[in-house]
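> just coords:
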C-alpha cells in the first residue's frame, strides 16, 4: 500500500483544508445571544417611544365630537349686573332634549351677600329656563359659586347641529353693589361675541360632556334628582342638580320679583312697566321710578320683594308716588293673588298721611266696556272717611262713577295674602282666606285688565318729610278659574320649590 494523500476538505485536489476554530463554550455563544437580545430591546423601546409620542395626535384626530358645545358671550367686567349669555350647540349625531341639559357658569362671590338670577330672553321662553346660584362645597380658584341652568320638559329638542339661540342671563346682588368679574373662572372679556368656552361646563343626562370643571378633572356630574329652590345653597362640584321639571301649567302668571332694579331689562321682558307717566290718582304727575326697588328679604319667598315707596315734604314738587303694572297681558277672569305687606306707619317722618296702598286690576278707560277690581288700603282713611279701612270695589263705569263697594274697617299692618277671583259671573274679594265682599251681574269684568300695585297720597294734609313703603312678595294669576287660598298657596309653593321665579303661560291657555 502507498502513503495517504492529504485531504483538501473541499474535495478539490491540491488545496489544504482550513483548520477548524476551537469552540469556547464558556464565552463566545452567550455574548452573541446577549447582543441580539439588546438589539431587540432597543427596537421595542424605540417603537413604544414613537407610539407614545404619536398617540395624542392620533387620539385627538379620532376622538368623537362632544355631544354638546357651550358658547358664551360676556358683558362688562365690572357692573351691577353680570350678563353671562349662553348658547347650546348640539354637536352630536342625534337629537338632544333641552330638559336633559344642565349648564354651570363658575364665579367668585367676593363676600357673603347672596346672589340672584333672572332670565332676560330665550328662544324657548324664559318660562322654561330654571336657574339657581350655588355655593360650592369644594371651592376652587375663581369658582366658589356657580350659576346652574336647567330647562323644563317643554323647552324643546335640538336637532343634530342645531343651536339653542341666545339664552340671556343675569346675576346680581339683591342688596346692590358692583360686581368685579375679572377673578371669575368662567368670565372672559375676549368673548364679546358668542364663542365656545370650556370654562363653562355642560351636562347631558347627568354626564359631564363639555368644558373643564374647576378641579381640572372629571368631578361627579349632576344627577337626575329633585330640584332645590333657586335661592337655596346647594353642594358644590359634583352636587346633585335639579332634574328637568314638568312644563308649567297653562294659563298662569307667577312672579316673585327677582330683579336688580327698575331699569332691569328682565322686568320689562317679563311684562311689567314702572310708571313714570303723568296723571292720577293721588298727587297728579308725581309718578317716579325712584320709588321702585327690589330689596333682599330673607324671610320672603324667593328672597326678594317689590317695594313701592311714596315720599313727600307736603308739597307737590316734593312728592313722588310709585307704581308697577303689567303690560301686554290679557287677563279678564280667573284668580288674581298677591302676598302684600301693608303698613300703618311711615318708614320715616310723621304719621297722619291719607296714604293709599293698592292692588287692583283695571282696563283702559277709553274702551267702550270697562272693568276694574280694586283693593285699596288706607291706614289713616281718606276722602273724609276714617281709617284704617280696606275698600273693595267693582267698577262698571269710571266715567259715570258706576260702582259697588264695601269698606272693611280693621288694621292690616303686616303681611297678608290678597285674592280676588272672577269666575262664573261672581267677583269675590278675600284676605287670608276670609271672604270680604262679592259682586255679580253688571259688576263683573268683561274687558282685559292690567294688574297694578301702587302707593300714593290722597292729599297732602301737612308739611314735613315722610316716607311710606308697601311691599309685594309675589303675584300669581290663574286664568278662568276661581282658586281658594289653599290652592293658591299650593301652586305658589310648587312653583317656587321647583326653582321658578317667573313664568307666563297665558298664551297656552
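It's in. Bear in mind that the values here come from a model prediction, so they are computed numbers and not experimental data.
> what about the residue nearest to residue 351 when sequence neighbours are not counted, which SS state?
The shortest distance from residue 351 to any non-neighbouring residue, by Cβ to Cβ, 6 or more residues apart in numbering, is to residue 345 (5.7 Å). C-beta coordinates here come from the backbone N, C-alpha and C atoms, glycine included. At residue 345 the chain is in coil, as set by DSSP: H, G, I helix; E, B strand; the rest coil.
> isn't residue 345 right up against residue 353?
No - counting by Cβ atoms under 8 Å, residue 345 stays clear of residue 353, with 10.2 Å between them.
> higher neighbour count, those two?
Shown here are residue 345 and residue 353; by other Cβ atoms under 10 Å, residue 353 has more neighbours (23 against 13).
> The chain: helices as residue ranges?
Taking DSSP state H as the test, the helices found in the chain are 28-62, 265-269, 485-497.
> what comes up buried for the last one?
In this case it means helix 485-497. 488, 489, 491, 492, 495, 496, 497 (16 or more other Cβ atoms under 10 Å).
> how near is the fourth one to residue 173?
In this structure, residue 492 and residue 173 are 25 Å apart, going by Cβ to Cβ, to the nearest Å.
> same thing with the last one?
In this view, residue 497 and residue 173 are 23 Å apart by Cβ to Cβ.
> if I look at the residue nearest to residue 351, how far off is residue 379?
Counting by Cβ to Cβ, the gap from residue 345 to residue 379 is 8 Å.
> can you list residues touching both of those two?
residue 413 (Cβ atoms under 8 Å, 6 or more residues apart in numbering).
> So for the protein, which residue is the most central one in space?
residue 131 (3.3 Å; Cα atoms, centre = their mean).
> For that one, which non-adjacent residue is spatially closest?
residue 117 (3.9 Å).
> Mind listing the residues bridging to the one you found?
Judged by DSSP bridges, the bridge partners of residue 117 are residue 171.
> ok, it touching residue 173?
No - using Cβ under 8 Å, residue 117 is not in contact with residue 173, being 11.4 Å away.
> Compare the two (neighbour count), which wins?
Using other Cβ under 10 Å, the more surrounded residue of residue 117 and residue 173 is residue 117, with 25 against 20.
> Who are the contact partners of the more buried one?
131, 132, 133, 147, 169, 170, 171, 230, 258, 501.
> mind running it again at 7 Å?
Residues in contact with residue 117 (Cβ atoms under 7 Å, 6 or more residues apart in numbering) are 131, 132, 133, 147, 169, 170, 171, 230, 258.
> quick revisit: and the helices of the chain, which one's lowest on average pLDDT?
Note on the helices of the chain: helix 28-62 shows the lowest mean pLDDT, a mean of 57.
> Ramachandran angles for the residue lying closest to residue 88 once chain neighbours are set aside?
For residue 88, ignoring the flanking residues on the chain, the nearest one in space by Cβ to Cβ, 6+ apart is residue 164 at 4.1 Å. With angles defined as degrees, to the nearest 10, residue 164 sits at phi -70, psi -20.
> Okay, residue 164 and residue 80: tell me how far apart.
27 Å.
> Could you check which of these two has the larger neighbour count?
Per other Cβ under 10 Å, whichever of residue 164 and residue 80 has more neighbours is residue 164, with 23 against 16.
> tell me the contacts of that one?
87, 88, 98, 123, 158.
> show me the contacts for the fourth one.
Taking Cβ under 7 Å, 6+ apart as the contact definition, residue 123 lies against 164, 165.
> Distance-wise, check it relative to residue 402.
Distance from residue 123 to residue 402, by Cβ to Cβ: 46 Å.
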